[in-house]
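# okay, here's the prediction I keep looking at, along with the sequence it came from:
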Amino acid sequence: MAQLLENELSIIESTFKMFVRELKQKDPETKLDEGMGFGKFVSELKDEPTILVNFTVFIAEEFLKDSSGNKD
């Protein structure tokens, strides 16, 4: 069970870091950075609804890429 939770956390952290990287490319002035912890990121989601929307869209797009067999 502990291994499963560690794996899930790793997937979540990787996804959030990929999102931040992509966001930094589009908006270099964003206050998010890859070095921030996931807790800080979640705090930012609560403060910035647009980040939450963008993160949700990012996750959906990644899921659709994976489920359709596209490996970019």
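Thanks, I have it.

# what's the longest helix belonging to the chain packed up against?
Ordering each helix of the chain by length in residues (DSSP state H) puts helix 2-26 first. Packing contacts for helix 2-26, counted by 3 or more CB pairs under 8 Å, 6 or more residues apart in numbering; DSSP states H and E, involve helix 38-47, helix 49-68. The way it works is simple: take the backbone N, C-alpha and C, and place the C-beta from them, glycine included.

# residue closest to the middle of the chain?
Residue closest to the mean C-alpha point of the chain, counted by CA atoms, centre = their mean, is residue 16 at 2.3 Å.

# I'd say it and residue 40 touch.
No: using CB atoms under 8 Å, residue 16 is not in contact with residue 40; the gap is 10.3 Å.

# overlap of the contact sets of those two?
Common neighbours of residue 16 and residue 40, counting by CB atoms under 8 Å, 6 or more residues apart in numbering, are absent.
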